[in-house]
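S.K.: Sequence and predicted structure below; questions after.
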Amino acid sequence: MKKLLIAAGVAAGLAFAPVVPASAETVIPVIVKDTTSFYWQIVLAGARKAGKDLGVTVPELGAQSESDINGQISILENAVAGKPAAIVIAPTQRDALGKPIDEAAKSVPIVGIDSAANSKAFTSFLTTDNVQGGRIAADGLAAAIAAKYGKPEGEVALVTHLPGVGSLDERAKGFKEELAKKYPGLKLVEDKISDGTANGGLNIVADLLTARPNLRGIFASNLIQAQGAIQAIAEAKAQDKVKLVGFDSDDKLVKALKDGVMAATVVQDPFRMGYDGVKTALAASKKEKVEAFVDTGANLITGANINEPRSQELLNPKVK
């Protein structure tokens, strides 16, 4: 229904989507995991800007929660039925989206962003190197623990968002590999999976702070779990003892960095992901050659570098 309204609006000359020339009929839907999340709003802002710059209509689609896997599959199927020029999608779950993406790619070029799926049908895939992102998180956590305790030693924990999410699996892999390779004094004593809510992360971290009195560090591997972890640590007044590294950013995480509740966060470039996703999809729809894989980068933001120009550019993208 949303797609039909958008199409009708364009036909009538109304501004339901970025203004494009009256003769343009190129439609490239962008399907994110959760339209309510600040991270995905940045992705959509980048896609919107690309649509305006390139003269492409970009329907902004997605479920209301990253855990609504079936909802995203239905959105993808409906998008394909609209016969767009191409589709950009951030798969919610690796296994569940594999076959739907395979099927969709029989009709239209599919460009993946952010998270992997068990499919070889992507025309191109743009993402953070999430394994490297996990390594960066491990380095940041080790540095924070060393700054407090003199050496990168002690117990640490990993809190992730949902099972089977490609980007999160890769972050966990990189984090664990880096600990084993560079920081033998850091012992991963807990590897927890949340229910996909900030409250789930809050409860996990609150329990960890009680059950693990010698805990020195936590890596919360996405924005929502970092939000929950921040609240748990702040409520327990444990920020001096337990160092927290998150992933992505919003106002809560920026405040936690400034207040010292969080030691660091690994920040992606979601605006670029959305912009270049649409740009790549347009090229693919014209049968132009595109890169099979594009690494859109990751950076560690700390209290020490938060005010640097590049940090501010990543932390404060123009969403509207």
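M.R.: Alright, I've got the coordinates. Numbering: from 1, shown residues only.

S.K.: can you give me the end-to-end distance of stretch 282-297?
M.R.: In stretch 282-297, first residue to last residue: 22 Å (C-alpha to C-alpha, to the nearest Å).

S.K.: cool, and stretch 290-307?
M.R.: The first and last residues of stretch 290-307 sit 35 Å apart, counting by C-alpha to C-alpha.

S.K.: going forward can the numbers begin at 51, since that is how I track them
M.R.: Yes, from this point I'll number from 51; that puts the last item at stretch 340-357.

S.K.: buried ones in that stretch?
M.R.: Taking 16 or more other C-beta atoms under 10 Å as the neighbour-count basis, stretch 340-357 is seen to contain the buried residues 340, 344, 346, 347, 348, 349, 350, 351, 352, 356. Just so you know, the C-beta spots here come from the backbone N, C-alpha and C atoms, and that holds for glycine as well.

S.K.: go on, stretch 245-257?
M.R.: Of all the residues in stretch 245-257, those buried under the rule 16+ other C-beta under 10 Å are 246, 247, 248, 250, 251, 252, 253, 254, 255, 256.

S.K.: now what about that stretch, what contacts it?
M.R.: Contacts to stretch 245-257, defined as C-beta atoms under 8 Å, 6 or more residues apart in numbering, come from residues 115-117, 209, 211-212, 242, 244, 268, 270, 274-279, 281-283, 285-286.

S.K.: Return a PyMOL selection command for the buried portion of those.
M.R.: One line in PyMOL is enough to select the buried ones among the contacts of stretch 245-257; burial here means 16+ other C-beta under 10 Å:
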select buried, resi 115+116+117+209+211+212+242+244+268+270+274+275+276+277+278+279+281+282+283
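
S.K.: Next step: the contacts of stretch 245-257 restricted to strands.
M.R.: Assignment to strands by DSSP state E places the following of those there: 209, 242, 268, 270.

S.K.: so the first one makes contact with residue 269?
M.R.: So the one you mean is residue 209. Yes. With contact defined as C-beta atoms under 8 Å, residue 209 and residue 269 form a contacting pair (7.2 Å).

S.K.: domain assignment for this structure?
M.R.: When the chain is parsed into structural domains using automatic domain parsing, the resulting residue ranges are 52-64+73-178+319-346, 180-317.

S.K.: hang on, residue 114 packs against residue 85?
M.R.: Yes. Residue 114 is in contact with residue 85 according to C-beta under 8 Å; the separation is 6.7 Å.

S.K.: So which of the two has more stuff around it?
M.R.: For residue 114 and residue 85, the more surrounded residue by other C-beta atoms under 10 Å is residue 85, and the numbers stand at 16 against 11.

S.K.: What values do phi and psi take at the nearest residue to the more buried one once chain neighbours are set aside?
M.R.: Leaving aside its sequence neighbours, residue 85 sits nearest to residue 112 (C-beta to C-beta, 6 or more residues apart in numbering; 4.2 Å). Here the main-chain torsion angles of residue 112 (degrees, to the nearest 10) amount to phi 160, psi 160.

S.K.: Now do the contacts for residue 112.
M.R.: With the criterion set at C-beta under 8 Å, 6+ apart, residue 112 makes contact with 81, 82, 83, 84, 85, 90, 122, 125.

S.K.: Tell me the most packed of those, by neighbour count.
M.R.: Comparing the contacts of residue 112 by number of neighbours (other C-beta under 10 Å), residue 82 comes first, having 30 neighbours.

S.K.: residues touching that residue, list them.
M.R.: In this structure, residue 82 makes contact with 90, 93, 94, 110, 111, 112, 140, judged by C-beta under 8 Å, 6+ apart.

S.K.: Which of those residues has the largest number of neighbours?
M.R.: Neighbour-wise, the contacts of residue 82 (other C-beta under 10 Å) top out at residue 93, 31 neighbours.

S.K.: Okay, helices next: where are they in the stretch 101-250 of the chain?
M.R.: Listed in chain order, the helices of the stretch 101-250 of the chain (DSSP state H, counting those that start in this stretch) span 119-131, 148-154, 180-199, 216-232, 248-261.

S.K.: Please work out which of those helices is packed deepest.
M.R.: Using mean count of other C-beta atoms under 10 Å, the stretch among those with the greatest mean number of neighbours is helix 180-199 (a mean of 22).

S.K.: hmm, who's touching that helix?
M.R.: By C-beta under 8 Å, 6+ apart, the surrounding residues in contact with helix 180-199 are 201-204, 206, 216-218, 220-229, 232-233, 236, 266-269, 271, 290, 293, 295, 297, 313-314, 316, 318, 345, 348-350, 352.

S.K.: my read is residue 294 is in a strand, agree?
M.R.: Yes. Assessed by DSSP: H, G, I helix; E, B strand; the rest coil, residue 294 belongs to a strand.
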